[in-house]
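1. Predicted structure and sequence below. I'll ask about it afterward.
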Amino acid sequence: MALMPKRVKHRKEQRGRVKGNATRGIQVSFGDWGLQVLEPGHIRGTTIEACRIAATQYVRGEGKLYIRIFPNKPVTARPLETRMGTGKGEPDHWVAVVRPGKILFELAGVSEEAARECFARVAYKLPLKVRLVGRTIKV
C-alpha cells in the first residue's frame, strides 16, 4: 500500500517549482547514518515504500530504519488519448517534495560498511542523486 495522507484540504494542487536548499531536516537526528539528497525533485510514495522494503530486507532486524519524508502532494494525470480542453485530471499519485540537503532515510545500530551497502541498494531505487552522511556530534 503506497503512502498517502489520510485527508487533505485541497484534492488537487498545482505543481510549482522546487527552488533553494532544504533548511529543515538536514542533520542526522535519529540514527547514526543518513541518506542525503543532492538534487531537488519529487519522490513518489511507491518509491519510498520500495526503498523501505529494500532497506529492511538488508538490515534484517539488526538495525532500525527511520523514514524522514512523507508524500503529501497530489499529482494529477489525464487519461491516455484524451482530447484537449476537458479540465484538469484526477489525482494519480502522491509525491514528497525534496530539496537538496534533506535527509531521506536514517539507520541506527549498524556499522558504516553495512549502512553503505544498505543505502547503495536504496539509492538504486531513487530517481535523485544521494550520498551517505554520518551523525555530527554537537558539544
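-> On my side now, so go ahead.

2. got any ranges where the chain has weak pLDDT?
-> For the chain, the stretches with pLDDT under 70 are 1, 137-139.

3. how does it look with 80?
-> 1-2, 136-139 (pLDDT under 80).

4. which stretches of it form strands?
-> Using DSSP state E, the strands of the chain run over 33-37, 41-44, 64-67, 73-77, 90-98, 103-108, 130-134.

5. Just want the angle from the first one to strand 90-98.
-> Note on geometry: by axes from the mean of the first three to the mean of the last three Cα atoms, to 10 degrees, strand 33-37 and strand 90-98 are set 120 degrees apart in direction.

6. and strand 33-37, what does it pack onto?
-> strand 103-108, helix 112-125, strand 130-134 (3 or more Cβ pairs under 8 Å, 6 or more residues apart in numbering; DSSP states H and E). (Glycine included, C-beta is placed from N, CA and C.)

7. let's go with 6 Å and repeat that
-> strand 103-108, strand 130-134 (3 or more Cβ pairs under 6 Å, 6 or more residues apart in numbering; DSSP states H and E).

8. could I get the longest one in PDB with only the CA atoms?
-> The C-alpha coordinates for strand 103-108 follow below in PDB (Å, rounded to 0.1, in the frame of the first residue of the first chain):
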ATOM      1  CA  ILE A 103      17.900  13.600   4.900                       C
ATOM      2  CA  LEU A 104      15.600  10.900   3.400                       C
ATOM      3  CA  PHE A 105      16.400   7.800   5.500                       C
ATOM      4  CA  GLU A 106      18.400   7.100   8.600                       C
ATOM      5  CA  LEU A 107      19.900   3.900  10.000                       C
ATOM      6  CA  ALA A 108      20.800   3.200  13.600                       C
END
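
9. what sits up against it?
-> 25, 28, 30-37, 63-69, 115 (Cβ atoms under 6 Å, 6 or more residues apart in numbering).

10. Buried subset of those, written for PyMOL?
-> Entered in PyMOL, the line below selects the buried ones among the contacts of strand 103-108, by 16 or more other Cβ atoms under 10 Å:
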select buried, resi 25+28+31+32+33+34+35+36+37+63+65+67+68+69+115
